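Student: quick one, fold the following:
(2 chains, ligands or ions: 2)
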Amino acid sequence: MSILILAEYNENILSSSTSRLVGAAKKIGGEIDVLIVGDDVKNLAQQLAKIAGVNKVLLANDRVFKHQKADVLCKILKDIIIPYSHFFASSNSVGKAVIPRLAAELDFMPISDVMFIHSKNKFDRPIYAGNAIETISTKEKKILATIRSSAFVPVEQGNDAKIENVKIGEIKSKVEFIKSTNVNSDKVDLSTAAIVVAGGQAFESKENFQMLYELADVLNAGVGATRAAVDLGFAPNEMQIGVSGKIIAPELYIAIGISGALQHLAGISGAKKIIAINSDADAPMMKQADVALVGDLKTILPELIKKLAQ
Amino acid sequence: MGQNMKILVAVKRVVDHNVKIRIKSDSQSVDKDNVRMSMNPFCKHALEEAVQIKESGKADEVVAVCVGSKKASDVLLTALAMGADRAILVQSDAELETLVIAKLLQKIVEQEKPDLVLMGKQSVDIDASQTPQMLAGLLDWGQATFVCKIGIDGKKLTVTREVDYGLQELSLNLPAVISADLGLNKPRNVALPMVMRAKKKPLNIFQVADFEVDISSRLKIEKISEPPTRSGGKNITSIDELVDEIKIISDKLEMVK
Ligand SMILES: Cc1cc2nc3c(=O)[nH]c(=O)nc-3n(C[C@H](O)[C@H](O)[C@H](O)COP(=O)(O)OP(=O)(O)OC[C@H]3O[C@@H](n4cnc5c(N)ncnc54)[C@H](O)[C@@H]3O)c2cc1C
Ligand SMILES: Nc1ncnc2c1ncn2[C@@H]1O[C@H](COP(=O)(O)O)[C@@H](O)[C@H]1O
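Tutor: Numbering: from 1, shown residues only, chains lettered A, B, ... in the order given. Ligands and ions are numbered 1, 2, ... in the order given. Purely as a prediction, here's the structure:
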């Protein structure tokens, strides 16, 4: 058994999800290698080599890998994954774009969004927006899967794994990058934050949404939003939590003016503790919450921020 | 063929996203008898976009395709009512895996030769988010997933994707496979007269067996279970209590740091 993990990073910053995937892979056992694909990512490879339990780091460093385009990644992955029994990527926008395409090209049936590992070929994954859990086993010779990183605990640092360069031939993409708008990376990473505060449509404006950032600052928390808030332009899409947004598992989730639609709840089922603030005591979110406070967010938030900052 | 493009839209029939699902007592499947079924929401966005592209004069034909049971002709009727010109049902009574569906869709693409395939980013029943990428891989076409904006200039597309760290703009040549996110557009509602008219539009039915595709499953569903439920919480009435509740956690986190 040998497992290859695709490293996740953004703008030259490693995501903790890679070390969480190493944690997940350890449940299976065998040798664990990590692959990083990108342009100018040598320093990230060095950081990856420090993750405990990593056997070696494969480095595919080339200009063509900038922006991690799915078709280009698949072209090199076909060869790279040959010796491995498992290939995992986190269920983020890169992993979700690459794993199914690669699997189909190689005629393997992949598994999406693994949230629990029973054994080398038996996994749990959510279906119906997390309203049911499917336990599946596979007989595929190579198991390709995306892993819900927030469901696994990161491993410690402390290693000096060797770094190996991957040979890269001539590769062209069918897709051309134009531009991207990137969130400032000094914000707390929503996917792995210990505390997340989130707001919904009830904020009524982008200006009011600023209160959430203030609250987040005091608590060193990540900020999230509902789809409704994103649609109304209060928050950018990358802040969306839920079945079609980010899946989070913080120690504390504070839901403010959020009704608790099924599709939203799907994103927070892993939260350890939920606090909800809502003007409607009967909102589904209030029923899910460990602690519920009925009231108007516009009066509660300013006072809460003041008191917490003291 | 006209000068403009032809668009194929893959639509799936799923348990309506507002239905509270029930797991059957054998723990092997979700109850789909006598529950409301509808077109997967993300497919609606894909179809709406195709129809808008046609209405803008940039496409000549929109064809909707669904792999599913005979009953799935109801979502194809919705697709026709929304503005698709023709519909194709690939009939299968068994539940098929995404890889099989992608292979069947590949056959339809080879028959129909569309310039663009539009799909939903995810089906809300099995939440796989696999089929579009698989189809793109099988066809060796360019792909763009989670798209919230499409611009067309001749044989070139400019798309905006909703990705983890913001928005990403890409350009790609046709043919291509695009998967639609919720922000792409606002799907139109279908009124009864549209449905009546749709009934006159062509619906072709094929059987899975008509295509040389191995439909056997590679994965085994061991069981389907309820997610753990949260035990009901407590109600508080003051901001001071709220501060205390938050501090219990934030102080603990502070300690481990
Ligand atoms: C296919 C599909 C996928 C989806 N994916 C997602 C997803 O990933 N994430 C997601 O979030 N949604 C998703 N949605 C949308 C989801 O169904 C809900 O529409 C959305 O989550 C509702 O957002 P909301 O709670 O902000 O708004 P609402 O449902 O309108 O709730 C607003 C809440 O605020 C409360 N309120 C109002 N005023 C105040 C006040 N002054 N103070 C305090 N409370 C107040 C109200 O009582 C209410 O409970 C999806 C929908 C579909 C169809
Ligand atoms: N049975 C099907 N028939 C037609 N299209 C499908 C089918 N299954 C999946 N798709 C398409 O693939 C998209 C993503 O589905 P999935 O990979 O199941 O999450 C859907 O939104 C559809 O566009």
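Student: neighbouring contacts of stretch A:123-139?
Tutor: Stretch A:123-139 has contacts (CB atoms under 8 Å, 6 or more residues apart in numbering or on different chains) with A:109, A:111-118, A:121-122, A:145, A:242-243, A:262-263, A:265-266, A:269, B:15, B:17, B:20-21, B:23, B:30, B:124-127, B:218-227. The C-beta positions use only the backbone N, C-alpha and C, and glycine is treated the same way.
Student: show me where the chain has its helices.
Tutor: I went with chain A, as the question did not name one. In chain order, chain A shows helices spanning A:17-26, A:42-48, A:70-80, A:93-106, A:206-219, A:227-231, A:262-265, A:284-288, A:297-309, with DSSP state H as the criterion.
Student: actually, chain B is the one I wanted.
Tutor: B:41-55, B:73-82, B:98-112, B:131-139, B:192-198, B:239-256.
Student: which one of these lies closest to A:Asp189?
Tutor: Between A:Asp189 and the helices of chain B, the shortest gap by CB to CB is with helix B:239-256, which sits at 15.0 Å.
Student: which residues touch the residue in the stretch 101-250 of chain A that ligand 2 sits nearest to?
Tutor: Here the stretch 101-250 of chain A gets closest to ligand 2 at one residue, A:Ser112, 7.9 Å apart by CB to the nearest ligand atom. By CB under 8 Å, 6+ apart, the contact list for A:Ser112 reads A:Ser91, A:Lys96, A:Ile99, A:Pro100, A:Arg125, A:Ala145, A:Thr146, B:Asp127, B:Ala128, B:Ser129, B:Gln130.
Student: whichever residue of chain B sits closest to ligand 2 - nearest residue in space that isn't next to it in sequence?
Tutor: When distances are taken as CB to the nearest ligand atom, chain B approaches ligand 2 most closely through B:Gly120, which lies 2.3 Å from it. Spatial nearest neighbour of B:Gly120, chain neighbours left out: B:Phe42 (2.8 Å); criterion: CB to CB, 6 or more residues apart in numbering or on different chains.
Student: which ones are touching the one you found?
Tutor: Neighbours of B:Phe42 in contact, by CB under 8 Å, 6+ apart: A:Ser244, B:Met119, B:Gly120, B:Lys121, B:Gln122, B:Ser123, B:Val124, B:Ser179, B:Ala180, B:Asp181, B:Leu182.
Student: how many residues are close by A:Lys78?
Tutor: For A:Lys78, the count of nearby residues is 12 (other CB atoms under 10 Å in any protein chain shown).
Student: before we move on, what about the one 4 residues further on?
Tutor: Per other CB under 10 Å, the neighbour tally for A:Ile82 reads 9.
Student: check it and give its pLDDT.
Tutor: The predicted structure scores A:Ile82 at 97 on the pLDDT scale.
Student: between the contacts of B:Phe42, which sits nearest ligand 1?
Tutor: Distance to ligand 1, by CB to the nearest ligand atom, is smallest for A:Ser244 among these, at 3.9 Å.
Student: OK, contacts around the closest residue to the closest one other than its chain neighbours?
Tutor: In this structure, A:Ser244 finds its nearest non-sequential neighbour in B:Leu182, 6.2 Å apart by CB to CB, 6+ apart. Contacts of B:Leu182 were listed using CB under 8 Å, 6+ apart, and they are A:Arg227, A:Asp231, A:Ser244, B:Pro41, B:Phe42, B:His45, B:Cys148.
Student: quick one, which of these are buried?
Tutor: Neighbour-count burial (16 or more other CB atoms under 10 Å in any protein chain shown) applied to those gives A:Arg227, A:Asp231, A:Ser244, B:Pro41, B:Phe42, B:His45, B:Cys148.
Student: can you pull the pLDDT of the residue of the stretch 201-310 of chain A found nearest chain B?
Tutor: Scanning the stretch 201-310 of chain A for the residue nearest chain B gives A:Asp290, at 3.9 Å (criterion: CB to the nearest CB). For A:Asp290, the model assigns a pLDDT of 96.
Student: bridged to the most centrally placed residue in chain B, which residues?
Tutor: The residue lying closest to the centre of chain B (CA atoms, centre = their mean) is B:Gly120, at 2.8 Å. In this structure, B:Gly120 has beta-bridge partners B:Ala180, where bridges are defined by DSSP bridges.
Student: ChimeraX command to pick out the buried ones of the contacts of stretch A:123-139?
Tutor: Selection of the buried residues among these in ChimeraX, burial being defined by 16+ other CB under 10 Å:
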select /A:109,111,112,113,114,115,116,117,121,145,242,243,262,263,265,266,269 /B:15,17,21,23,30,124,125,126,127,218,219,222,224,227
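Student: ok, and which of the contacts of stretch A:123-139 reach ligand 1?
Tutor: With CB under 6 Å from any ligand atom as the criterion, the subset of those in contact with ligand 1 comprises A:Gly242, A:Val243, A:Gln263, B:His17, B:Val124.
Student: let's have those in a markdown table, adding pLDDT.
Tutor: Shown next, in a markdown table, are these (pLDDT from 0 to 100):
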| residue | pLDDT |
| --- | --- |
| A:Gly242 | 95 |
| A:Val243 | 92 |
| A:Gln263 | 94 |
| B:His17 | 92 |
| B:Val124 | 96 |
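Student: any idea which of the residues you listed is closest to B:Lys6?
Tutor: When those are compared against B:Lys6 (criterion: CB to CB), the nearest one is B:Val124, at 27.4 Å.
Student: roughly how far apart are A:Leu304 and B:Asp181?
Tutor: Applying CB to CB, to the nearest Å, one obtains 33 Å for the distance of A:Leu304 from B:Asp181.
Student: which ones are touching the nearest residue to B:Val147 once chain neighbours are set aside?
Tutor: The spatially closest residue to B:Val147, leaving aside those adjacent along the chain, is B:Val159, at 4.8 Å (CB to CB, 6+ apart). Contact criterion CB under 8 Å, 6+ apart gives B:Ala144, B:Val147, B:Lys149, B:Ile150, B:Gly151, B:Glu169, B:Leu170, B:Ser171, B:Leu172, B:Ile178 as the residues in contact with B:Val159.
Student: okay, the nearest residue to the third one once chain neighbours are set aside and B:Glu55: tell me how far apart.
Tutor: If I follow you right, that is B:Lys149. Spatial nearest neighbour of B:Lys149, excluding adjacent residues (CB to CB, 6+ apart): B:Thr160 at 3.9 Å. According to CB to CB, B:Thr160 and B:Glu55 sit 20 Å apart.
Student: how about A:Val72?
Tutor: As defined by CB to CB, A:Val72 lies at a distance of 34 Å from B:Glu55.
Student: and B:Val243, by the same measure?
Tutor: Using CB to CB, we find B:Val243 at a distance of 55 Å from B:Glu55.
Student: what's the answer for B:Leu89, then?
Tutor: Noted for B:Leu89: a distance of 25 Å to B:Glu55, by CB to CB.
Student: ok, A:Ala235 touching A:Asn208?
Tutor: No: under the criterion of CB atoms under 8 Å, A:Ala235 is not in contact with A:Asn208, lying 11.2 Å apart.
Student: quick check: the residue of chain A found nearest ligand 2 vs A:Asp113, distance?
Tutor: In chain A, no residue comes nearer to ligand 2 than A:Pro100, which is 7.4 Å away by CB to the nearest ligand atom. Applying CB to CB, the value for A:Pro100 to A:Asp113 is 11 Å.
Student: can you check B:Gly151 too?
Tutor: 31 Å.
Student: before we move on, back to that, now the buried ones among the contacts of B:Leu182 in CSV, with distance to ligand 2?
Tutor: Written out in CSV, the entries for the buried ones among the contacts of B:Leu182 read as follows (distance: CB to the nearest ligand atom, whole Å):
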residue, distance to ligand 2
A:Arg227, 17
A:Asp231, 19
A:Ser244, 11
B:Pro41, 9
B:Phe42, 5
B:His45, 9
B:Cys148, 15
